[in-house]
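# Okay, sequence plus prediction incoming.
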Amino acid sequence: MRIRSLFAAAALAGCWVPAALARHLVEVVAEKRGEDVLLFANLQNCLCASLELTADLTNMQSSEPLPLRRALTRPRTLLITLSKRDRSKAWAYKYRFRYVIGVSGARPDPAAVYQLPFSAGGDYPVVQGYGGAFSHRVGSPSEYSIDWAMPVGTPVLAVRAGRVVGIRDDSDENGLTEEFFQKANLVVIEHADGTLADYLHLKVRGVAVTLGQNVQAGDPIGYSGNTGYSKQPHLHVRVSAVKSPGYDESLPVRWDSTVDFRAVPTKVAPPKPEPHTEPERVSSERSIDSAK
């Protein structure tokens, strides 16, 4: 799951996402206060995120210009207040948001070297390298990602020291349709230079670290799996930087390995038809309509 670049989940205000769905790391919820509607962003199992929110309004106005772009560093943040323009007329609103874990301002360290995410001597073939046609397409946020085929339950190690800023381990589902974009278990680690590393498709209850924990390169952080947008057990690793709220980009990095990941061909055919959005993204919206 390129979980880090996400559109958010859908439900009616006052309702919750069904328990069968993996919990989003960032959720936007609506609360009615008198005649107004307040939209709040809640961080769930992550410590920082950058969000872009837009809305379609009928007979309503927003307290902030839209689209709204905001860095989130607190568990709960008030985003906007929606108020009626003419209380005698019908009103409605619909909002959509996308987010990425982390905040902008990264300055990638050109001297940083990344180690492989598994123990020395491990023999796990790369099934998709940089620019892979399956889900690492050139120009996409996942372009500089690497997929290693490995059995479920293989220990996953940190590729670089940093702080754990996002985790999810409640999913036990996988597939190649859009419904699985938000169902990958993961660990996200922020490095000293502001870049982040995603470790995706971990097994259910396969996270071995906690939010805010500091780890060193080579520390165990979880166990590989086959969850989310995936058709075979593998580990997806991507190093990235936040460009702007809701958007990030993957980065090529220096590995302490002689493997030239740029030269690794894609060994799996893309699904037919290909999804309309980037793999490991989720999309949805919330909608409210009222007579008055």
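Looks like it arrived, so ask away.
# okay, residue 207: pLDDT?
Residue 207 is assigned 98 on the pLDDT scale.
# One more: the one 10 residues further on?
Reported pLDDT at residue 217 in the predicted model: 98.
# Look at it and say how many residues are nearby.
Using other CB atoms under 10 Å, residue 217 has 17 other residues around it. (Each C-beta comes from the backbone N, C-alpha and C, glycine too.)
# And the one 5 residues further on, by the same measure?
Around residue 222 there are 25 other residues, counting by other CB under 10 Å.
# Can you say which helix or strand has it in it?
Using DSSP states H and E, residue 222 falls within strand 220-224.
# what pairs with the following helix or strand past that strand, and is each one parallel or antiparallel?
The helix or strand immediately downstream of strand 220-224 is strand 228-229, counting by DSSP H and E. Strands that pair with strand 228-229, judged by DSSP bridges, come out as strand 174-175 (parallel).
# nearest residue to residue 210 other than its sequence neighbours?
Excluding the flanking residues, the one nearest residue 210 by CB to CB, 6 or more residues apart in numbering is residue 164, at 6.7 Å.
# State the distance from that neighbour to residue 94.
34 Å (CB to CB, to the nearest Å).
# okay, those two: which has more neighbours?
Neighbours were counted for residue 164 and for residue 94 using other CB under 10 Å; residue 164 has more, 21 against 14.
# and the angle for the host helix or strand of the more buried one with strand 220-224?
Here residue 164 sits within strand 162-168, counting by DSSP H and E. Here the directions of strand 162-168 and strand 220-224 differ by 30 degrees (axes from the mean of the first three to the mean of the last three CA atoms, to 10 degrees).
# How about the contacts made by the nearest residue to residue 47 once chain neighbours are set aside?
The shortest distance from residue 47 to any non-neighbouring residue, by CB to CB, 6+ apart, is to residue 165 (4.4 Å). Applying CB atoms under 8 Å, 6 or more residues apart in numbering to residue 165 gives the contacts 46-48, 101-102, 188-190, 196, 211-212.
# And for residue 206?
So residue 206 contacts 153, 169, 185, 222-225 (CB under 8 Å, 6+ apart).
# quick one: it is in a helix?
No. Assigned with DSSP: H, G, I helix; E, B strand; the rest coil, residue 206 falls outside any helix and is strand.
# hey, what's the residue lying closest to it once chain neighbours are set aside bridged with?
Nearest in space to residue 206, with sequence neighbours left out and distances taken as CB to CB, 6+ apart, is residue 223 at 4.0 Å. Taking DSSP bridges as the rule, residue 223 bridges to residue 155.
# ok, residue 223 touching residue 151?
No. Using CB atoms under 8 Å, residue 223 is not in contact with residue 151; the gap is 10.0 Å.
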